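Engineer: no sequence on hand, only this structure:
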């Protein structure tokens, strides 16, 4: 879970996840859309791969990245459980973090 929170801690990596949620992209396409150098994107993708949030697949000479949807769903579930979303008696926590019922 630590690697997941580290990966999600950077706004550029969250943007990468958002973009991959729309469809698979190469590292170059991601770097261009996020507005970072390819070498910087490489580091971000490494962190996301280590957290198992993205999957890399080679297509000829290009590596295409996709969102690891099942892991993202597990993370959302774990965070919801952490804050007691959907459980009785957790209104105070939900209200403090602006979480909906």
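Structural biologist: Alright, I've got the coordinates. For clarity, every value in this text was computed on a predicted model and none was experimentally measured.
Engineer: check the residue most central in space within the chain and give its pLDDT.
Structural biologist: Nearest residue to the geometric centre of the chain (C-alpha atoms, centre = their mean): residue 17, 4.4 Å. Looking at residue 17, its pLDDT is 93.
Engineer: beyond the helix or strand containing it, next helix or strand please.
Structural biologist: Using DSSP states H and E, residue 17 maps to helix 11-22. Downstream of helix 11-22, the first helix or strand assigned by DSSP H and E is strand 25-26.
Engineer: how close does the residue nearest to the centre of the chain sit to residue 4?
Structural biologist: Residue 17 sits 11 Å away from residue 4, going by C-beta to C-beta, to the nearest Å. Yep, even glycine has a C-beta here, placed from its N, CA and C like the rest.
Engineer: between these two, what contacts are shared?
Structural biologist: residue 53 (C-beta atoms under 8 Å, 6 or more residues apart in numbering).
Engineer: which other helices and strands does the helix or strand harbouring residue 29 contact?
Structural biologist: Assigned by DSSP H and E, residue 29 belongs to helix 27-34. Applying 3 or more C-beta pairs under 8 Å, 6 or more residues apart in numbering; DSSP states H and E, one finds that helix 27-34 makes contact with helix 11-22, helix 38-50, strand 62-67.
Engineer: hey, what's residue 62 bridged with?
Structural biologist: Note on residue 62: beta-bridge partners by DSSP bridges are residue 59.
Engineer: okay, it: pLDDT?
Structural biologist: Residue 62 is given a pLDDT of 92.
Engineer: I figured it hits residue 29, correct?
Structural biologist: No: the pair residue 62 / residue 29 is not scored as a contact, 9.5 Å apart, by C-beta atoms under 8 Å.
Engineer: that older thread, give the buried residues for the helix holding residue 29.
Structural biologist: 27, 29, 30, 31, 34 (16 or more other C-beta atoms under 10 Å).
Engineer: quick one, what contacts the last one?
Structural biologist: So the one you mean is residue 34. Contacts of residue 34 by C-beta under 8 Å, 6+ apart are 12, 15, 16, 19, 41, 44.
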